[in-house]
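Visitor: just a sequence and a predicted model for now, questions to come.
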Amino acid sequence: MARKKTNAASADVEPVLEKGSTRKRFSNAGDLDHAAKRQRPEIEERTDYSRWRLRDDHSRHTWKYLEDDEAAKNWPQTYADKYFLGLPLDLPDLPKPKGPLDAVRNGLDFFEKLQLPSGHWGCEYGGPMFLLPCVVIAWYVTKTPIPWYYATEIKNYLFARAHPEDGGWGLHIEGETSAFGTVLNYTTLRLVGVDADHPKMVKARATLHKLGGATHAPHWAKWWLAVLGVAKWDIVNPVPPELWLLPDWIPFAPWRWWIHIRQVFLPMSYLWSRQWQAEETDTIRSLRKEMFVEDWDKIDWAGHRNTIHPRDNYHPKTWLLNMMNWILANIWKPIFRVKPLVSKAEDWAMKLIEMENDNTDCLDLATVSGPMNLVCLYARDGPDNYAVRRHQERADEFLWVKDEGLLANGTNGVQCWDTAFAIQAVMDAGLTEDPRWRPMLLKALEFLDDQQIRENVKDQDKCYRQQRKGAWAFSNKDQGYAVSDCVSEALKSVIILQKTPGFPTLIDDQRIFDAIDTLLTYKNPGGSCSSYEPPRAGSWMEMLNAAEVFGQIMVEYEYPECTTAVVTALSLFHKHWPAHRAKEIEHFINGAVAWIKTNQKPHGGWYGSWGICFTYASMFALESLASTGETYKNSIHSKRGCDFLISKQREDGGWSEHYKACETGEYIEHPSGSQVVMTAWALIGLMKAKYPHKEAIAKGIRLLMERQQPNGEWLQEAIEGVFNKSCMISYPNYKFTFPMKALGMFSKIYPDEETTV
Ligand code: LAN
């Protein structure tokens with residue numbers, strides 16, 4: 001069946017499994033080498049960038065490559081396509097801003113062009129260098145054909161992101177070369193068809209060998225190599241699915257873990273239990289020779305279970321975990337893993353994966369668990385199972401194409417999150433009633449209306465999910481995981497617009513109450529909020545953190561960012577609906593603000609877990625304090641927070657924090673100088689706190705205006721986001737939304753200064 005011609009504006013849903021017919025499948029699970037020889041992706045120098053289109057099916061992103069000239073002509077590239085692909089937009093210069101509000105207008109003029117057909121803003125969401133390998137290895141072992149245009153741009157992206165000197169890869173795009181990054185990305189390049197004797201591969205391999213070879217990679221990389229058959233399973237520390245059979249009251253039972261580690265551990269444990277390996281191919285045989293410093297047949301696999309390069313060892317395994325691993329590998333596995341127990345554990349693990357399939361239509365939580373689940377389903381059911389094919393199809397939603405090539409995003413997008421901030425930027429500038437921005441805002445509101453989650457998941461208790469009715473996810477309702485701050489930011493944006501004259505009430509009171517009811521479930525005993533769920537166990541669980549490369553991954557923690565978002569959403573709601581659950585809301589807000597105070601560091605700042613780092617979290621914390629009337633003048637906490645930020649302001653008026661701050665817990669300056677995003681965060685914090693010395697703020701505002709381009713845009717600078725302390729992640733839309741918010745706030749607070757900044 002030929003792919004039907006379409007264009008970005010006609011956002012009809014793609015028929016289920018259409019890809020099964022366009023990306024030809026291998027007809028049987030016979031000799032992959034044979035098939036691979038026929039189907040091995042051809043790698044070209046590059047693809048023709050005028051043929052890529054981003055398709056937006058009600059928020060589901062997929063990049064299409066239009067090989068057919070006619071199809072390309074019928075579906076022209078939009079500004080957004082061209083912008084994401086790094087193609088020239090040829091936009092005229094806008095009138096030079098006379099003041100900050102004009103700068104916001106120019107910014108909006110540009111940003112409006114990036115709004116996607118279903119009303120949201122999207123963007124690349126890359127940064128981590130271990131996600132694309134998850135997708136590609138899963139494709140390879142499940143014999144999912146990789147089209148030449150994917151293979152070509154994967155190669156281009158990974159070559160573009162190789163370290164300029166040693167040719168290796170790090171944990172994330174700005175990180176130093178590590179065994180994790182190099183093992184996984186070298187493997188990926190080989191699997192998409194790059195030859196081992198390509199000069200860049202020779203260089204990368206030499207670096208890998210200097211790092212000790214693949215035996216020195218962390219647990220997650222060893223697991224993927226075992227699945228691929230490049231390593232033997234004995235090199236992988238045990239991941240027993242039996243843990244899922246533990247009664248819920250056990251303090252370390254997996255349902256208490258952070259949702260991401262839970263969802264990654266699940267497929268990991270299933271394949272570990274089965275010691276499943278992909279069908280052997282020439283490439284796999286060759287990788288065994290390429291990736292190790294020792295002779296493959298002589299490697300002491302079990303002896304290397306705990307071998308790890310120091311650069312990858314951000315969170316060394318504790319004595320407790322080492323002891324448990326030893327017992328599991330040497331006593332539990334050989335003696336106690338009797339067949340009935342093993343099958344029961346494997347069956348239950350698969351049942352939990354099936355519930356995740358049902359709840360997300362085979363998309364899954366994020367870019368690690370999705371590909372892993374695909375391999376599990378394939379291992380159990382073979383290639384023609386519906387869920388296998390649906391996973392193969394939906395994996396495309398994790399991919400993104402940019403000027404450097406094709407990468408994998410951290411989630412299936414940033415749709416609801418960035419759309420909420422875009423609306424708030426317009427609101428903070430006082431422009432929501434300006435008819436110029438009405439169509440854009442209305443589309444954004446319609447999008448949030450469409451994306452509100454209307455029901456809890458099926459079998460909520462059985463699969464240990466959090467209540468989610470009335471919530472918004474970070475990306476879209478397909479993924480469907482409520483996050484405290486994503487619900488809050490979206491809810492605020494909806495309330496703001498629906499209370500603005502001229503906007504329709506698309507979301508009625510009952511649906512707003514649903515969101516509030518869910519939000520109230522996020523209250524932690526100490527007053528704070530976490531991300532997906534309230535913590536289900538203490539931080540002692542980090543003793544069992546086996547991932548080595550990440551910190552703070554085992555359980556939920558308390559975050560000033562999430563806490564603030566909830567506080568401000570509840571405050572706004574309470575203003576408009578003073579009667580609904582009023583007591584609880586007041587109690588929630590007071591408790592949360594009290595917690596924010598206890599979370600302040602001795603230097604006056606707050607540590608951020610999702611943005612870099614103290615600048616990000618201090619902005620939120622100062623807003624929390626301001627929401628109950630605590631500002632620079634009347635609150636010692638607010639004053640200390642402002643003084644902290646001011647102490648970090650640079651000569652040119654900007655702020656600049658390096659990602660190392662997230663790893664070390666100390667404020668560290670970025671060597672490349674002031675950054676617009678951090679400057680905006682600091683300014684917003686100061687303005688929320690009513691910092692009285694205008695000149696310092698005006699200096700930062702001037703920097704934001706100077707950095708704005710004549711067409712209204714801001715250029716990409718250093719990476720903005722982080723997770724699990726060690727891994728950075730890009731939020732490219734922040735360079736629009738936060739500077740516009742800061743400029744807009746300034747123009748409202750100092751209306752007379754419009755022309756003098
Ligand atoms: C995200 C992205 C959004 C982010 C915010 C909403 C900004 C935050 O305030 C709460 C946490 C949340 C939802 C978040 C959690 C961790 C994610 C999902 C990510 C940083 C995007 C990618 C990351 C995920 C864990 C990547 C997969 C890696 C593993 C270690 C499993």
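Guide: Arrived safely, thanks for sending.

Visitor: burial measure for the closest residue to the ligand within the stretch 1-150 of the chain, as a count.
Guide: Here the stretch 1-150 of the chain gets closest to the ligand at one residue, P128, 6.4 Å apart by Cβ to the nearest ligand atom. In this view, the C-beta of every residue, glycine as well, is placed from N, C-alpha and C. Neighbourhood size, P128 [other Cβ atoms under 10 Å]: 26.

Visitor: same question for the one 10 residues further on.
Guide: When neighbours are defined as other Cβ under 10 Å, A138 has 25 of them.

Visitor: grab the nearest non-local neighbour of it.
Guide: Nearest residue to A138 in three dimensions, chain neighbours excluded: P371, at 3.5 Å (Cβ to Cβ, 6 or more residues apart in numbering).

Visitor: phi first, then psi, for the one you found.
Guide: phi -60, psi -40 (degrees, to the nearest 10).

Visitor: low-scoring pLDDT stretches of the stretch 651-757 of the chain, where are they?
Guide: Along the stretch 651-757 of the chain, the parts satisfying pLDDT under 70 run over 754-757.

Visitor: how about the residues of it by the ligand?
Guide: 723-724, 729 (Cβ under 6 Å from any ligand atom).

Visitor: beta-bridge partners for the residue of the stretch 1-150 of the chain closest to the ligand, please?
Guide: On the basis of DSSP bridges, P128 is bridged to H172.

Visitor: show me which residues of the stretch 201-350 of the chain sit near the ligand.
Guide: 260, 264.

Visitor: now the stretch 201-350 of the chain against the ligand: closest residue?
Guide: Closest point on the stretch 201-350 of the chain to the ligand, by Cβ to the nearest ligand atom, is H260, at 4.0 Å.

Visitor: the stretch 651-757 of the chain now?
Guide: F723 (3.6 Å).

Visitor: neighbours of that residue, how many?
Guide: 20.

Visitor: gap between it and G665?
Guide: In this view, F723 and G665 are 16 Å apart by Cβ to Cβ, to the nearest Å.

Visitor: go on, A626?
Guide: 25 Å.

Visitor: and the two? Which one has more around it.
Guide: More crowded of A626 and G665, by other Cβ under 10 Å: A626, with 21 against 13.

Visitor: and that one, what pLDDT?
Guide: Note on A626: pLDDT of 97.

Visitor: is it true that it lies in a helix?
Guide: Yes. The assignment for A626 is a helix, going by DSSP: H, G, I helix; E, B strand; the rest coil.

Visitor: follow-up on the earlier one: I figured the residue of the stretch 1-150 of the chain closest to the ligand hits I729, correct?
Guide: Yes. Judged on Cβ atoms under 8 Å, P128 makes contact with I729 at a distance of 6.0 Å.

Visitor: overlap in contacts of those two?
Guide: Common contacts of P128 and I729, defined by Cβ atoms under 8 Å, 6 or more residues apart in numbering, comprise 172, 410.

Visitor: what strand or helix carries F84?
Guide: helix 79-85 (DSSP states H and E).

Visitor: chain center to stretch 552-571: distance?
Guide: In terms of Cα atoms, centre = their mean, to the nearest Å, the centre of stretch 552-571 is set 17 Å apart from its chain centre.

Visitor: okay, buried residues for that stretch please.
Guide: 552-571 (16 or more other Cβ atoms under 10 Å).

Visitor: okay, and the beta partners of L407?
Guide: W400.

Visitor: and the pLDDT at it?
Guide: 98.

Visitor: could you list every residue that touches it?
Guide: 124, 126, 131-132, 157, 399-400.

Visitor: same thing but at 6 Å, please
Guide: By Cβ atoms under 6 Å, 6 or more residues apart in numbering, the contact list for L407 reads 126, 132, 157, 400.

Visitor: neighbours of the third one, how many?
Guide: To tie it back to what came earlier, the one meant is Y157. 23.

Visitor: I'd like the next helix or strand past the strand or helix carrying it.
Guide: Y157 belongs to helix 148-160 when assigned by DSSP H and E. The helix or strand immediately downstream of helix 148-160 is helix 179-191, counting by DSSP H and E.

Visitor: quick one: contacts of that next one?
Guide: 129-130, 133, 136, 140, 158, 168-171, 204, 208, 211, 214, 216-218, 221, 283, 287, 309, 312, 549.

Visitor: how far off helix 148-160 does it point, in degrees?
Guide: Put simply, helix 179-191 runs at 150 degrees to helix 148-160, going by axes from the mean of the first three to the mean of the last three Cα atoms, to 10 degrees.

Visitor: and the next helix or strand past helix 179-191?
Guide: helix 199-210.

Visitor: helices or strands next to whichever helix or strand comes after that following helix in the packing?
Guide: Once the chain leaves helix 199-210, the next helix or strand it forms, by DSSP H and E, is helix 219-228. Secondary-structure packing of helix 219-228 (3 or more Cβ pairs under 6 Å, 6 or more residues apart in numbering; DSSP states H and E): helix 179-191.

Visitor: same thing but at 7 Å, please
Guide: Using 3 or more Cβ pairs under 7 Å, 6 or more residues apart in numbering; DSSP states H and E, the elements in contact with helix 219-228 are helix 131-141, helix 179-191.

Visitor: deepest-packed of those helices, please.
Guide: Of all the helices and strands packed on helix 219-228, helix 179-191 has the most neighbours on average by mean count of other Cβ atoms under 10 Å, namely a mean of 28.

Visitor: can you tell me if it touches the ligand.
Guide: No. On the criterion Cβ under 6 Å from any ligand atom, helix 179-191 is out of touch with the ligand, staying 11.6 Å away.

Visitor: so where's this protein shaky on pLDDT?
Guide: Ranges of the chain meeting pLDDT under 70: 1-41, 754-757.

Visitor: residue closest to the middle of it?
Guide: Residue closest to the mean C-alpha point of the chain, counted by Cα atoms, centre = their mean, is G410 at 3.4 Å.

Visitor: secondary structure class of R53, three-state.
Guide: R53 - assigned by three-state DSSP - is strand.

Visitor: excluding chain neighbours, what is closest to it?
Guide: K64 (4.9 Å).

Visitor: and that neighbour, what helix or strand is that in?
Guide: Using DSSP H and E, K64 falls in strand 60-65.

Visitor: the ligand contacts on the stretch 1-150 of the chain?
Guide: Counting by Cβ under 6 Å from any ligand atom, no residue of the stretch 1-150 of the chain is near the ligand.

Visitor: great, nothing more from me.
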